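*Asks:* sequence? don't have it. structure:
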């Protein structure tokens, strides 16, 4: 964590803050970008909150997209990338356990921060580097802890996806989940049944591709995947770190080690094939064509047999899936011992 340093918003978002403030509006960087800047990481995206209503935001900036007007969000397109600008809001009612039934834009920055998921995502940063931190987010960053803002049972009742996000942030940031938050996840785990398969798949995949993919097992142990056939009797998954940080090998290893049914989620056809039929998918992914094998003197069924052997090899050694390396392996087979 950057302690004692001045954290100033980068140009991509600084211009948006200045333009809003010049017209008399409040404007703050919020959420994950503040967290990442405090950690010395490069933010993947930028969010601004303001007391300007969405229609005023669209008037102030020449290039905008009304990405979520119902929730007060407008995407501002800048030369340096997009910035999501959202009006301060209060929320009420979460009948579907995911989205608010009502949104009130007559809110303050304090009220806007109070509705957020975790303390490390509930900080605001102004143009000059002043941080607003009402819930101990900086302390939790220093302690490497994921903790809910306020009552964790209420946060998860509002949005069940937050339970999976807690595990995902722990995996991506190498943090632990605070005990009260973790206990609330256990109590609320059945709420995950109301989440779409697409949302669950996205969060699980982010965990699998993170520096701590073994935390995917926590989703099983906490019961968050029970409705999909995931068993809570999950083994240790440190072996996932040995797989290349790519979707197919990480998913394949996860399903093999835990027995999780990949068919329970709406995954891409290529991913499903790669998990359920790895040899066939590996043949398709070979960086060496049948024509190149034919040029070595192979014919007909011998070409297919050579492709299957090479595919079996790259399943264990994906780094060898290059034309030069595969040609060398094929030539070595042809030359014999």
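*Replies:* Here it is on my side, so go on. If you're wondering where the values come from, they're calculated on a predicted model, not measured in any experiment.
*Asks:* need the contact list for residue 218.
*Replies:* If you count contacts by CB atoms under 8 Å, 6 or more residues apart in numbering, residue 218 has them with 167, 170. (Glycine included, C-beta is placed from N, CA and C.)
*Asks:* also the one 10 residues further on?
*Replies:* With contacts defined as CB under 8 Å, 6+ apart, residue 228 is in contact with 197, 200, 260-261, 264-265.
*Asks:* what subset of those residues is buried?
*Replies:* Among those, the ones that count as buried by 16 or more other CB atoms under 10 Å are 200, 260, 265.
*Asks:* was I right to think the last one contacts residue 203?
*Replies:* Put plainly, it is residue 265. No: using CB atoms under 8 Å, residue 265 is not in contact with residue 203, being 10.9 Å away.
*Asks:* filter the contacts of residue 228 down to the ones in helices?
*Replies:* If you go by DSSP state H, those have 197, 200 in helices.
*Asks:* can you report how many residues neighbour residue 125?
*Replies:* 25 (other CB atoms under 10 Å).
*Asks:* against which helices or strands is the longest helix along the chain packed?
*Replies:* Scanning the chain for the helix with the most residues, using DSSP H, yields helix 301-316. Applying 3 or more CB pairs under 8 Å, 6 or more residues apart in numbering; DSSP states H and E, we find helix 301-316 packed against helix 278-285, helix 290-294, helix 323-335.
*Asks:* what average pLDDT does that helix get?
*Replies:* Across helix 301-316, the average pLDDT comes to 85.
*Asks:* could you do stretch 235-248 as well?
*Replies:* Mean predicted lDDT for stretch 235-248 stands at 94.
*Asks:* report the buried residues of it.
*Replies:* Buried-residue list, stretch 235-248, by 16+ other CB under 10 Å: 237, 240, 243, 247-248.
*Asks:* mind checking which of the residues you listed land in helices?
*Replies:* Applying DSSP H to the buried residues of stretch 235-248, the entries found in helices are 247-248.
*Asks:* quick one: which of the buried residues of stretch 235-248 is nearest residue 56?
*Replies:* Residue 56 lies nearest to residue 247 out of the buried residues of stretch 235-248, by CB to CB, at 41.3 Å.
*Asks:* show me where the stretch 1-150 of the chain has its helices.
*Replies:* For the stretch 1-150 of the chain, the helices defined by DSSP state H, counting those that start in this stretch occupy 11-22, 32-38, 54-60, 109-114, 137-143.
*Asks:* I figured residue 210 hits residue 169, correct?
*Replies:* No: counting by CB under 8 Å, residue 210 does not reach residue 169; the two are 9.4 Å apart.
*Asks:* that older thread, from the helices of the stretch 1-150 of the chain, which stretch is densest packed?
*Replies:* Greatest average neighbour count among the helices of the stretch 1-150 of the chain goes to helix 32-38 (a mean of 23), per mean count of other CB atoms under 10 Å.
*Asks:* residues in contact with the residue nearest to the spatial centre of the chain?
*Replies:* Of all residues in the chain, the one closest to the mean position by CA atoms, centre = their mean is residue 206, 4.3 Å from it. Residue 206 makes contact with 168, 171-172, according to CB under 8 Å, 6+ apart.
*Asks:* do you know how far it is from residue 224?
*Replies:* Note on residue 206: its distance to residue 224, by CB to CB, to the nearest Å, is 14 Å.
*Asks:* so who does residue 125 touch?
*Replies:* Contacts of residue 125 were listed using CB under 8 Å, 6+ apart, and they are 7, 9, 28-30, 33-34, 37, 131-132.
*Asks:* for stretch 145-158, give the mean pLDDT please.
*Replies:* The average pLDDT for stretch 145-158 rounds to 96.
*Asks:* same question, stretch 269-289
*Replies:* Across stretch 269-289, the average pLDDT comes to 84.
*Asks:* can you list the buried residues in the longest helix of the chain?
*Replies:* For helix 301-316, a neighbour-count test (16+ other CB under 10 Å) marks 303, 306-307, 310-311, 313-315 as buried.
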